[in-house]
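[1] model this:
(one chain, ligands or ions: 2)
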Amino acid sequence: MPEQGSSCVDEAMMRRALALARTHLGATGSNPSVGCVIVSPDGRTVLGEAVTARDGRPHAEPQALSLAGPAARGATAYVTLEPCSHFGKTPPCADALIDAGIARVVVGLQDPDERVAGRGLARLEAAGIAVTRGVLEEEGRHLLAGYLLRKTAGRPLVTVKLAVSADGMIGRRGGGQVAITGPEARADVHRLRAESDAILVGIGTALEDDPMLDVRLPGLEDRSPLRLILDRGLALPVDSKLAQTAGRVPTRVVTAPGARALQPERVAALASAGVAVQEAEGLMTLLDDLGAEGLSNLMVEGGAQVIRSFLEADRIDRLRLFTGRVRIGPEGVETPFPESLLAERFALVQEEQVGADTARHFERIR
Ligand code: AOF
Ligand code: ZN
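    Ligands and ions are numbered 1, 2, ... in the order given. Just a heads-up that it's a prediction; the model follows:
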């Protein structure tokens, strides 16, 4: 059995904390989803564990501490992100760890939030707690990439999801929804939706496919994020599935500056269906506005034109590309991601078989 403090136990426990953190990704609002695992001094028993609550509060640490109770005295806390040091809507988590008598704290990465930024770790050290940092830092960064990008660049991380047929098509011209991938890939997409703060499509896709863009996976039905439709002309029909379900899933049309004043009757019709209208100058401003609103992860689901404008603006950070077995033929709409472009701009980070389809995960080379 490895002894306490060995990197083997540290990594195993941090992995457990990261897995917990992932369960609330996309569900904690502007707050990052953090995992915390409290472990007995011998490294053998998990005394309490928790993830940042939905909507962001309470934070992970006080929940895990309360589950551990008095046993937390002398124990080790594994936290995916530096414990906070600020008095926000809750007292600092660093203080909660100190007060509970935690002897050692292991963290993944430092919190870039200007109210924390190393002060949480300094507070713990000043109280005589042994602090180990940087455990599975890369995995932690990957999980919180959206939050980190928003804190440093002010905009959400953009992930494009796209299903491509075996002959490189993403749909049929004017032909409505084509099933390119199987149920396993679709489940994967729903998981990705649940982990996002918003899903965006163009009005073309909204009109042609009449999609729901919600999460329908068992157990995650209440995890549908905000739906955004790029719709300059305010053309989203009130009888579309998106508008019809706007009472249940937040839905917003994004249009050009001044459009609201020009079409008040359309704005009123959308509003009565529960659809909000937002104006934005262009893609860059929209992303900045969404960042300022506290959105960390934006998923873009099409269509081709919207994806092309994200490509042109160089605002695609991650790409999840599913390739199915069906062939669409010459009447298809070609993928905006020819292999040459992928090779030039994106790094392939993972490739896996999802049911009958292939899923490739790319990241923008920066
Ligand atoms: C932690 N544990 O589980 C999370 C933290 O608005 P507040 O007061 O809830 O503070 C939000 C900030 O707290 C957020 O920007 C980030 O710095 C930190 N999130 N910290 O100790 C947690 N979710
Ligand atoms: Zn906290």
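[2] tell me the residues of the protein that contact ligand 2?
    59, 84, 93 (C-beta under 5 Å from the ion). No exception for glycine: its C-beta is placed from N, CA and C like everyone else's.
[3] 6 Å - rerun?
    With the criterion set to C-beta under 6 Å from the ion, the chain comes near ligand 2 through 59, 61, 83-84, 93.
[4] hmm, who's touching stretch 301-308?
    The contact list for stretch 301-308, computed with C-beta atoms under 8 Å, 6 or more residues apart in numbering, reads 160-162, 170-171, 199-202, 204-205, 208, 211, 213, 230, 300, 316, 333-336.
[5] where does the stretch 151-300 of the chain have low pLDDT?
    The stretch 151-300 of the chain contains residues with pLDDT under 70 at 176.
[6] burial count for residue 353?
    Residue neighbour count, defined by other C-beta atoms under 10 Å, stands at 9 for residue 353.
[7] could you turn the buried ones of the contacts of stretch 301-308 into a ChimeraX selection?
    In ChimeraX, a selection of the buried entries from the contacts of stretch 301-308 looks like this (16 or more other C-beta atoms under 10 Å):
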select :160,161,162,170,171,199,200,201,202,204,205,208,211,213,230,300,316,333,335,336
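[8] chain center to the lengthiest helix in the chain: distance?
    Looking across the chain with DSSP state H, the single longest helix is helix 7-23. Centroid separation for helix 7-23 versus its chain: 19 Å, with C-alpha atoms, centre = their mean, to the nearest Å.
[9] can you give me the buried ones in that helix?
    Residues of helix 7-23 classed as buried: 9-10, 12-18, 20-22 (neighbour count, 16+ other C-beta under 10 Å).
[10] now stretch 96-113
    96-98, 100, 102-113.
[11] please apply the same query to stretch 141-157.
    Neighbour counts over stretch 141-157 (16+ other C-beta under 10 Å) mark 143-151, 155-157 as buried.
[12] is any residue of that stretch near ligand 1?
    No: applying C-beta under 6 Å from any ligand atom, one finds stretch 141-157 separated from ligand 1 by no less than 7.6 Å.
[13] circling back: for the helix or strand just after the longest helix of the chain, C-alpha coordinates in PDB please.
    Next helix or strand after helix 7-23 toward the C-terminus (DSSP states H and E): strand 35-39. Provided in PDB are the C-alpha atoms of strand 35-39 (Å, rounded to 0.1, in the frame of the first residue of the first chain):
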ATOM      1  CA  GLY A  35     -14.100  18.700  -6.900                       C
ATOM      2  CA  CYS A  36     -12.900  18.100  -3.300                       C
ATOM      3  CA  VAL A  37     -12.100  14.800  -1.700                       C
ATOM      4  CA  ILE A  38     -11.100  14.500   2.000                       C
ATOM      5  CA  VAL A  39      -8.900  11.500   2.800                       C
END
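[14] coming back round to it: which ones among the contacts of stretch 301-308 map onto strands?
    Among the contacts of stretch 301-308, the members found in strands (DSSP state E) are 160-162, 170-171, 199-202, 230, 300, 333-334.
[15] and the residues you listed as a markdown table, adding distance to residue 288?
    Formatted as a markdown table, those follow (distance: C-beta to C-beta, whole Å):
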| residue | distance to residue 288 |
| --- | --- |
| 160 | 19 |
| 161 | 23 |
| 162 | 24 |
| 170 | 28 |
| 171 | 30 |
| 199 | 19 |
| 200 | 15 |
| 201 | 20 |
| 202 | 20 |
| 230 | 15 |
| 300 | 16 |
| 333 | 30 |
| 334 | 31 |
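[16] between the residues you listed, which is nearest ligand 2?
    Set against ligand 2, the nearest of the ones in strands among the contacts of stretch 301-308 by C-beta to the ion is residue 199 (28.4 Å).
[17] that closest one and ligand 1: what is the separation?
    Distance, residue 199 to ligand 1, by C-beta to the nearest ligand atom, to the nearest Å: 23 Å.
[18] beta partners for that residue?
    Beta bridges link residue 199 to residue 227, residue 299, judged by DSSP bridges.
[19] surely it meets residue 211?
    No: using C-beta atoms under 8 Å, residue 199 is not in contact with residue 211, being 9.4 Å away.
[20] please state the offset of stretch 323-338 from the chain centre?
    27 Å.
[21] quick one: terminal-to-terminal distance for it?
    End-to-end distance for stretch 323-338: 13 Å, by C-alpha to C-alpha, to the nearest Å.
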